[in-house]
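Give me a 3D structure for the following:
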Amino acid sequence: MDQKALFLKLWEKETPTTRKVLSRIPEGSDYRPDPKSRPARDIAWLIVREQQVLVDGLERGRLEWEDRPAPATMKEILDVHDAVSSDLNARLQAIEPARWERPVPFVFQGQEVMSAPGYESAWGFFLDIIHHRGQITTYLRAMGSTVPSIYGPSADES
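A predicted model of the protein is given here:
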């Protein structure tokens with residue numbers, strides 16, 4: 001299995017789980033475990049933005065991060081997630097295999113931060129999304145919500 005096929009297989013498997021975790025963030029909660037921590041809603045938006053920037057960037061051959069404020073509600077974040085997720089898999093499938101091998105610069109505030117082959121950038125974004133998804137799960141019970149099953153049953157769903 002090549003890099004693209006493996007990535008797509010895992011991306012398609014993990015995306016519904018990420019959606020499930022995001023859906024557990026209570027509406028109106030600004031919980032954060034420490035003043036230095038981001039609120040869960042902002043982390044959820046970061047995940048959605050990472051998905052968008054990765055796919056857009058692989059298509060264009062240049063990943064450009066632009067900070068955008070989170071929508072005011074979790075419903076809006078989930079609506080954006082659902083709207084973009086429906087075609088992200090197809091768009092990733094359509095990216096030519098050579099794009100995955102060529103360097104794809106990562107640009108923030110007009111400055112190139114790094115350049116790596118497309119597959120390295122894809123894996124980096126993907127692992128960061130999973131990291132932030134896990135971060136949100138540590139917030140859920142403190143926010144009065146429940147933790148969904150991810151790789152097996154959770155204590156809340158047993």
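
Secondary structure element holding Phe106?
Assigning secondary structure by DSSP states H and E places Phe106 in strand 103-108.

In that strand, which residues are buried?
With burial defined by 16 or more other Cβ atoms under 10 Å, the residues of strand 103-108 counted as buried are Val104, Phe106, Val107. C-betas here are computed from N, CA, C, even on glycine.

Would you list the strands that it pairs with, along with their directions?
Applying DSSP bridges, strand 103-108 is found paired with strand 63-65 (parallel), strand 111-117 (antiparallel).

Contact partners for the nearest residue to Gly61 once chain neighbours are set aside?
Closest residue to Gly61 apart from its sequence neighbours, by Cβ to Cβ, 6 or more residues apart in numbering: Val104 at 5.8 Å. When contacts are counted by Cβ atoms under 8 Å, 6 or more residues apart in numbering, Val104 touches Gly57, Leu58, Gly61, Arg62, Leu63, Ser115, Ala116, Pro117, Gly118, Ser121.

helix or strand for the residue nearest the centre of the chain, which one?
Compute the mean C-alpha point of the chain, and by Cα atoms, centre = their mean the closest residue is Ile47, 3.2 Å away. Ile47 is part of helix 40-60, with elements assigned from DSSP H and E.

by how many degrees do that helix and strand 103-108 diverge?
In this structure, helix 40-60 runs at an angle of 140 degrees to strand 103-108, with axes from the mean of the first three to the mean of the last three Cα atoms, to 10 degrees as the basis.

Distance-wise, check Gly144 relative to Phe108.
Counting by Cβ to Cβ, to the nearest Å, the gap from Gly144 to Phe108 is 35 Å.
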